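Colleague: sequence first, then the predicted structure:
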Amino acid sequence: MSPLDHKLLRDLWRMKGQAIAIGMVIALGVGMLVMMTGLVTSLNETRNAYYERYRLADVFAPVTRAPDRLVGRLTAIAGVSAVEPRVVGGALIDLADKDLPVQAQAISLPDLRDPRLNDVFLTDGRMIDSDHTDEILLLQSFANAHGLRPGDRIQATMNGARRSFRIVGLAQSPEFLYVTAPGELIADDARFGVIWMSRAGLAAAYDMQGAFNEALLSLSRGANEAAVLDAVDRILAPYGGTGAYPLADQTSNLIVSEEIGGLEAASTGVPPIFLGVAAFLLYIVINRMVQSEREEIGLMKAFGYTNAEVGWHYFKLVMAIAVGGALAGCLMGIAGGRALIQVYVTYFKFPFLVFGLDPASFVIGVSVSIFSASVGGLLVLRSVFALTPASAMRAPAPADYSRTGAIGHALNRFLDQPSRMVVRRITRQPGRMAGAMIGIACGMALCVSMITIYAGFSRTIDLTFNVIDRSDVTVSFTHAASESTIFELRRMQGVTLVEPVRHVPAVLRNGLDTHRGVITGLGPDARLARALDADLAEIPLQTGGIVLATALADILNIRPGDMLTVEVREGRQPVLQIPVTAVAESLLGSPSYMDLAKLNRALREPNRVSGAYLTIDEARATDIYKALQDMPTVAGVSLKSDAQVSFQTLMDTGAGAIRYVMGAIAFIITFGIVYNAARIAYAERSRDLASLRVIGFTRGEAAFVLLGELAVVTLVALPLGALMGYYLSFGIAAGFSSELYQIPAIFDAASYGFAAMVVIGAAVGSGWLVKRDIDRAELVSALKTRE
Amino acid sequence: MRKNTFSTKGLTKVYGEGRSAVHALRGVDLDIPEGEIVVLLGPSGSGKSTLLNIIGGLDRGTDGDAFFQDQNLSEMTDKQLTLYRRNHVGFVFQFYNLMPSLTARENVELVTEIANDPMDPDDALAMVGLRERVDHFPAQLSGGEQQRVAIARAVAKNPTVLFCDEPTGALDSMTGRAVLNVLKDVNEKLGATVLIVTHAASQAAMADRVIHFADGAIREVVMNKNKLTPEEIDW
């Protein structure tokens, strides 16, 4: 090993504290990138493998009642590789521990064979025996939420008839990764169940002997999906087909894809920001580190080393830190990704895990680190090479402060000598100070944007559950009922307000942009559920057009004034042309609103409602639930308080949960930045500080000169960081927003205050660590060491 | 009989432990009366700087005692040592150790602001012949001028004792002589005890007392009957 390499190793050892701090910052930036991309890759691969192994259908075709002989015609469609007819129906499960019956979906499994499509994954117990029509499989998550086990019996109402069933097994299915009651957006394991039972048993309950009411289709490779959908619709139309839809529009898949998409957006949007900050910091730190080595560089040149040899030596030093940090980041990213993926596997209910990594993230992470470190090192080495060897042999020349005199004159009257040292240092090296300041401002910006995101999540909940929806209870009916149902509800004891609503499933089209959703019809004086504009003022619906949520308007690429094509998927299934009148603020889902009467008129179904919003007297809640349960038209009852809890859980366990990991990383990076700034300042000034101590300054007085500089730089960085954070928060908010829910970038004073406290806390902590070193420094050795 | 500014009893300083231990001072007994110019001579590593650092309050002995007047420096807390340096001691170093961000006058004011009974900073700079250059920054001064600012800074607090570690080590003969003249003036006008550590034997000619160091111990102490002025010294 050459003596220079020995020096390299010893130098690294000597500056290990700082090298680790720098390496840590770059490691976190790289680690976040690797972790997030690995997480997304793994989730996508796991989902795809799960879909493939359990043969999830490519097309879902609901129909009112189609005879089994149509299966042959469906199979004959070009591009269709398999068809599975089945019977599905709504059910209400009575549970001993619940006031309200729980909504469920009953699904048939073929008798005497495995399903060709949409197979189930048995997690406990055994498969059903088709000879016993009372045997069922229950969705595992639902069973767990209610403590149900194989061998237990449950009561369920199907098609008006109450029956008793025996649970023989628990199952999962790729079709129900995310389960919601019809018309609801937020999943809750406890509030919606899935029952699998024999085709014969279910057909009997729903009068579907020899018929099916849903066809599942899989496509062969290269099939034309749109053509298949058209062909299926043509075949099923005479039998009450309500429109075949692709897997992409299937609720569970849609939401799982959105959640993974949300993570993907967060992983492409946020880590580069972190990595960028880390890279910039690396540049600044390397720059200052090499600067402080100038005497040694001069000395090496005096011994006869060439510029290239000296440059290579320092390049290796810089690379050791940058590459070391980047590699540590890759390992941290893999470890972090593996830990997080477990959380998500549980959240998405994947029965197994395919762990994958994105090699590109390693390459990007390591190259960005190497690049920024090289640029930082090379720029400063260039100026150092201009140094003559002789300068190393002379006593270190004092830095020239003569040009700062003018600025100081006015201030001098107010400042003592140590304060002047602080001020002059800042004014003499504005570039270097700006570097430190921008570094700290970047940390502040990361903290501000992450903390305002937390406020944004709270804002989404508040707006959704306290401003837009002011009801206590939402009731949904089994079918579009007459308005007399509303009067019936109003007569109930303890019900204080009832407002009708009609939900109509529809495909919304604007040119090539389509969205499969639900139109919400609201009454003229609706108080409980409203369409609100960005200023939270109510948007009147009586003008006759349709009002779209911001997210929906973005999906459809449409603006107020444009005409929207609405293909209704219910009743007569008319195709309507409706003008868009306004865009509504909604942070949950992508709803669209119309006036109830106008909607009914367009459908030529006057005075129909599909549900109601209620406010109730809390004291009579139990009686009200009992009464609702006894109403035959009521399909489901959901409490807003339950929905709010579910939504909070969704945001804290789904894609949104990553915000806490990112927040923690932002704090650590911020500390790394501030600590590095303090360390470097100390390295540059240790000699001055020792001199001050020698001439009789106390530790505190000497530390003031250093920490005063850090304080000024930090305080100036705060407003700059706040401004940068403000703009950064838009990018991060967009990264966290999905079709499922939107996170607004808001200005929230408390968040800025908290972020400032974090940065100041990091500065105080770093100051304390450096102050400890100042206290420990031996005066004699500090004086003997030349800069 | 004049009082002693310093006296040491069995002062020992050991760096490190066990086999790698280095004995920088091996039981030094010494008395330095007030008002003298004392030169500590010896090759590098002989312990002279270590002694200076300990009686200057920058470092502590491993064993033995060091007294300033009648106060035992070995028993002082860090805080007391800081006050001791602040109120009684002036330091001059080979590499000046000026604050580059302060002008000559401000460098002196740095000390006068915290000292008990300081002189006017301009007077201190006048003493070292820099009356015209008080507003210059260190970078605008020559090496000799910087060292004279350092001396002005050291004497401006009216120190009881002035410590100089190789004060002319980085200077040519002419500026070196000028600096020694300033030290002599400080001794005569202010009555401060001046301790000069050097390995330039010729400078011993201007001292009242010359202490020869070797291997961490005093080899001999020579009283100088015929002091020379700095101009008369061979450089």
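Modeller: Received, thanks.
Colleague: now the helices for chain B?
Modeller: All helices of chain B, identified by DSSP state H, fall at B:48-55, B:78-88, B:104-112, B:121-127, B:143-155, B:173-190.
Colleague: what's the burial count for B:Met76?
Modeller: By the criterion of other C-beta atoms under 10 Å in any protein chain shown, B:Met76 has 17 neighbours. All C-beta spots, glycine's among them, are computed from the backbone N, C-alpha and C.
Colleague: who in the stretch 401-550 of chain A is up against chain B?
Modeller: Within the stretch 401-550 of chain A, the positions adjacent to chain B are A:Tyr401, A:Ser402, A:Thr404, A:Gly405, A:Asp416, A:Gln417, A:Pro418, A:Arg420, A:Met421, A:Arg424, A:Arg425, A:Arg428 by C-beta under 8 Å from any C-beta of the partner chain.
Colleague: residue ranges in the stretch 51-200 of chain A under the pLDDT threshold?
Modeller: Counting by pLDDT under 70, the stretch 51-200 of chain A contains low-confidence residues at A:182-185.
Colleague: right, and A:Gly523 touches A:Leu497 too?
Modeller: No - using C-beta atoms under 8 Å as the test, A:Gly523 is too far from A:Leu497 to be in contact (11.4 Å).
Colleague: so those two - more neighbours on which side?
Modeller: Neighbours were counted for A:Gly523 and for A:Leu497 using other C-beta under 10 Å; A:Gly523 has more, 21 against 16.
Colleague: now do the contacts for that one.
Modeller: A:Glu499, A:Pro500, A:Val501, A:Leu596 (C-beta atoms under 8 Å, 6 or more residues apart in numbering or on different chains).
Colleague: again, only this time at 10 Å
Modeller: For A:Gly523, the contact set (C-beta atoms under 10 Å, 6 or more residues apart in numbering or on different chains) comprises A:486, A:498-502, A:529, A:541, A:595-597, A:609, A:612-613.
Colleague: please apply the same query to B:Gly47.
Modeller: With C-beta under 10 Å, 6+ apart, B:Gly47 has these contacts: B:11, B:13, B:23-26, B:28, B:40, B:213-218.
Colleague: ok, which pair from the residues of the stretch 401-550 of chain A next to chain B is furthest apart?
Modeller: Spatially, the most separated pair among those is A:Ser402 and A:Asp416, at 20.6 Å (C-beta to C-beta).
Colleague: you'd agree A:Gly193 is in a strand?
Modeller: Yes - A:Gly193 forms part of a strand when assessed by DSSP: H, G, I helix; E, B strand; the rest coil.
Colleague: CA atoms of stretch B:107-120 as PDB?
Modeller: The C-alpha coordinates for stretch B:107-120 follow below in PDB (Å, rounded to 0.1, in the frame of the first residue of the first chain):
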ATOM      1  CA  ASN B 107      -7.700  42.300  18.200                       C
ATOM      2  CA  VAL B 108      -6.300  44.300  21.200                       C
ATOM      3  CA  GLU B 109      -9.800  45.300  22.300                       C
ATOM      4  CA  LEU B 110     -10.700  41.600  22.400                       C
ATOM      5  CA  VAL B 111      -8.500  41.500  25.500                       C
ATOM      6  CA  THR B 112      -9.100  44.900  26.900                       C
ATOM      7  CA  GLU B 113     -12.900  44.300  27.000                       C
ATOM      8  CA  ILE B 114     -12.600  41.400  29.400                       C
ATOM      9  CA  ALA B 115      -9.500  42.400  31.400                       C
ATOM     10  CA  ASN B 116      -9.600  44.000  34.900                       C
ATOM     11  CA  ASP B 117      -7.200  46.900  34.500                       C
ATOM     12  CA  PRO B 118      -6.400  47.300  30.800                       C
ATOM     13  CA  MET B 119      -4.500  50.000  29.100                       C
ATOM     14  CA  ASP B 120      -5.900  51.900  26.100                       C
END
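Colleague: please see if that stretch touches chain A.
Modeller: Yes - Stretch B:107-120 reaches chain A (C-beta under 10 Å from any C-beta of the partner chain) through B:Asn107, B:Val108, B:Glu109, B:Leu110, B:Val111, B:Thr112, B:Glu113, B:Ile114, B:Ala115.
Colleague: of the residues of the stretch 401-550 of chain A next to chain B, closest to A:Asn466?
Modeller: After measuring these against A:Asn466 - C-beta to C-beta - the closest member comes out as A:Arg425, at 52.2 Å.
Colleague: quick check: which element contains the closest one?
Modeller: helix A:417-428 (DSSP states H and E).
Colleague: restrict the contacts of B:Gly47 to those near chain A?
Modeller: Of the residues in the contacts of B:Gly47, proximity to chain A by C-beta under 10 Å from any C-beta holds for none.
Colleague: number of residues surrounding residue 31?
Modeller: No chain was given, so I picked chain A. So A:Gly31, with other C-beta under 10 Å, has 30 neighbours.
Colleague: wrong chain, I was asking about chain B
Modeller: B:Asp31 has 13 neighbours, counted by other C-beta under 10 Å.
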